[in-house]
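Undergrad: Coordinates for the following, if possible.
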Amino acid sequence: MFGKAIHSWNLLTLLVILTFGFTIGARAQESALSQKSAAALEELKPLDPSDPRLSFSFPIQPGGKPFHFKVNLSNTGNVSSVSVFREEDTIPFQTLQACKNADLSNPVNEDWGGYVLSNLLKHADLNFDGFEDLELLDYDIPHLDKKLYCIYLWNDKAGRFNYSSDLTEIAVDLEPKPKDKTLTTREDWQGGAWQESTYRWKGGKLELIEQSRLSGYWGDQGNGKCGFDFSCSMQVKGKMITTLEKPICDVDEMDHLPDCPTAVSPATKASAKKSQY
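TA: Now for the predicted structure:
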């Protein structure tokens, strides 16, 4: 019987050793996998500065000779500037600095695809003078599909690009509308809130003429309050007037928002006029 006890003890000891060894081995394997994953992330090096996808070419006016542009990256892969070349020149006549309001959330690296890289430098006629202007990517928030740009307008008289603080301040998914010569922007925030704005040029300055927004947070719902509020406003005689306000109390309502009024109602005008006194 004593021999059987010893035999059982040995089996138990062996089982403990094997279990402990398996646990250590599993943890070692997990650690190795974690280190491998971390190493894989660290291996994503900034894109080679000579990568041809960092080069762009287009004319700044219809029928004109193309300018060449080279986006320059810092050692960490962030956009630092863009060099501008005329025709076949090898020396840039301008180097435009990035605004550096914030670092890119995902520095430009070898893993970036062609479509994403094509957004590093965009061009459009943003002041409707017949010349292309530059949009240099300043900040990227992928999960919100939100991109902020540093804006340079072409000055044909000076033959150079000039920084535009007015446009840079609003340049969130900026889109020009040549037909009515307006600019629209849209900004989204985590949780579902968003804001769309329409601007026009007046006397060389941008002015806000229309805006719609969905503001709030579902966590604020309760005690007779809805989670979100939808509102519209438009400019009337130089002042922004609210033309519609609607509480949003249900998730389904967020996909069925009313259209903003295209004109200010007499009642809204009277209310706005009364509030001025």
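
Undergrad: all strands of the stretch 51-200 of the chain, in order?
TA: 55-59, 66-73, 79-86, 94-97, 121-124, 133-141, 146-155, 160-163, 175-177, 182-188, 194-202 (DSSP state E, counting those that start in this stretch).

Undergrad: okay if I get the ones you listed as a markdown table plus mean pLDDT?
TA: Shown next, in a markdown table, are these (pLDDT from 0 to 100):
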| stretch | mean pLDDT |
| --- | --- |
| strand 55-59 | 96 |
| strand 66-73 | 96 |
| strand 79-86 | 95 |
| strand 94-97 | 96 |
| strand 121-124 | 96 |
| strand 133-141 | 90 |
| strand 146-155 | 93 |
| strand 160-163 | 97 |
| strand 175-177 | 96 |
| strand 182-188 | 94 |
| strand 194-202 | 96 |
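
Undergrad: what lines up beside the longest strand along the chain in the sheet?
TA: As assigned by DSSP state E, the longest strand anywhere in the chain is strand 205-216. With DSSP bridges as the test, strand 205-216 is paired with strand 194-202 (antiparallel), strand 228-236 (antiparallel).

Undergrad: For Asp255, give its distance to Gln94.
TA: According to C-beta to C-beta, to the nearest Å, Asp255 and Gln94 sit 46 Å apart. For every residue, glycine as well, the C-beta is placed using N, CA and C.

Undergrad: ditto for Phe131
TA: 15 Å.

Undergrad: now Pro62
TA: 22 Å.

Undergrad: what's the answer for Leu174, then?
TA: 21 Å.

Undergrad: sorry, back to before: Pro62 and Gln94 - which one has more neighbours?
TA: More crowded of Pro62 and Gln94, by other C-beta atoms under 10 Å: Gln94, with 17 against 8.

Undergrad: what are the bridge partners for the residue nearest to the more buried one when sequence neighbours are not counted, then?
TA: Spatially, and ignoring its direct neighbours in sequence, Gln94 is nearest to Val84 (4.3 Å; C-beta to C-beta, 6 or more residues apart in numbering). Applying DSSP bridges to Val84 gives these bridge partners: Phe69, Gln94.

Undergrad: Now do the contacts for Val84.
TA: Phe67, His68, Phe69, Pro92, Phe93, Gln94, Thr95, Leu96, Phe161 (C-beta atoms under 8 Å, 6 or more residues apart in numbering).

Undergrad: ok, so of those residues, who is nearest Leu121?
TA: Among the contacts of Val84, Phe69 lies closest to Leu121 (C-beta to C-beta), at 5.8 Å.

Undergrad: Can you report how many residues lie near that closest one?
TA: 22.

Undergrad: I'd say Glu132 and Gln61 touch.
TA: Yes: between Glu132 and Gln61 there is a contact at 7.0 Å, judged by C-beta atoms under 8 Å.

Undergrad: List phi and psi for Asp129.
TA: Here is the backbone geometry of Asp129 (degrees, to the nearest 10): phi -110, psi 10.

Undergrad: count of residues packed around the nearest residue to Lys147 once chain neighbours are set aside?
TA: Leaving aside its sequence neighbours, Lys147 sits nearest to Asp140 (C-beta to C-beta, 6+ apart; 5.4 Å). Neighbours of Asp140 under the rule other C-beta under 10 Å: 22.

Undergrad: wouldn't Asp140 be in contact with Pro107 here?
TA: No: Asp140 is beyond contact range of Pro107, at 9.7 Å (criterion: C-beta under 8 Å).

Undergrad: Quick check: neighbours shared by those two?
TA: With C-beta under 8 Å, 6+ apart, Asp140 and Pro107 have no common neighbours.

Undergrad: How about stretch 124-137, which residues are buried there?
TA: Asp125, Leu126, Asn127, Phe131, Glu132, Asp133, Leu134, Glu135, Leu136, Leu137 (16 or more other C-beta atoms under 10 Å).
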